[in-house]
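J.: Have a look at this prediction, sequence included:
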Amino acid sequence: MKAATNDFSQENKLGVGGFGAVYRGKLEDGHEIAVKRLSKNSGQGDLEFKNEVLLVAKLQHRNLVRLLGFSIEGNERLLIYEYMPNASLDNFLFGKLLKPSSFSLTHDA
Ligand SMILES: Nc1ncnc2c1ncn2[C@@H]1O[C@H](COP(=O)(O)OP(=O)(O)OP(=O)(O)O)[C@@H](O)[C@H]1O
């Protein structure tokens with residue numbers, strides 16, 4: 001994972017969530033991945049890590065990102081997901097990608 005993400009380089013950082021930072025990576029076969037690295041101060045421990053692995057591994061749907069694997073080595077906890085190239089849903093809901101006039105939360109029914 002270190003090699004795939006260029007040693008978790010800043011340029012490969014996709015964002016930060018409750019779990020920690022997420023890095024873009026590329027496997028030797030060319031497959032693009034997203035690596036979530038559990039941050040030491042995320043407040044999440046081994047139980048939360050295990051829950052995420054067990055829960056997400058069971059979820060398989062075309063609209064849900066797929067967990068490809070995980071890694072536990074010393075203090076390092078990694079989750080490996082397929083890479084989603086279209087950025088976060090927040091961008092589409094709350095970001096600048098939509099003009100306010102083109103989206104409304106109210107409906108007329
Ligand atoms: N599979 C992925 N492919 C591409 N980018 C991703 C992927 N997973 C996460 N990211 C990026 O990393 C950011 C953080 O993701 P993460 O899932 O850790 O947090 P979150 O869902 O935004 O928040 P929380 O963990 O608090 O629920 C996302 O906003 C997104 O930009």
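T.: It's in.
J.: To what extent is the closest residue to the ligand within the chain buried, counted in neighbours?
T.: The chain approaches the ligand most closely through Gly17 (2.0 Å), counting by Cβ to the nearest ligand atom. For every residue, glycine as well, the C-beta is placed using N, CA and C. Using other Cβ atoms under 10 Å, Gly17 has 12 other residues around it.
J.: Name the nearest residue to it, sequence neighbours excluded.
T.: In space, and not counting its chain neighbours, Gly17 is closest to Lys36: 7.2 Å by Cβ to Cβ, 6 or more residues apart in numbering.
J.: who does that neighbour bridge with?
T.: Beta bridges link Lys36 to Val22, Leu79, judged by DSSP bridges.
J.: Surely it is in contact with Val16?
T.: No - assessed by Cβ atoms under 8 Å, Lys36 is found out of contact with Val16, at 9.8 Å.
J.: Overlap in contacts, those two.
T.: By Cβ atoms under 8 Å, 6 or more residues apart in numbering, Lys36 and Val16 have these common neighbours: Val22.
J.: If you count surrounding residues, which of these two has more?
T.: Shown here are Lys36 and Val16; by other Cβ under 10 Å, Lys36 has more neighbours (23 against 13).
J.: Contact residues of this structure facing the ligand?
T.: Neighbours of the ligand within the chain, by Cβ under 6 Å from any ligand atom: 14-19, 22, 34, 36, 65, 81, 83-84, 87-88.
J.: One more pass at 5 Å, please.
T.: Proximity of the chain to the ligand is confined to Leu14, Gly15, Gly17, Gly18, Phe19, Val22, Ala34, Val65, Tyr81, Tyr83, Met84, Ser88 under the rule Cβ under 5 Å from any ligand atom.
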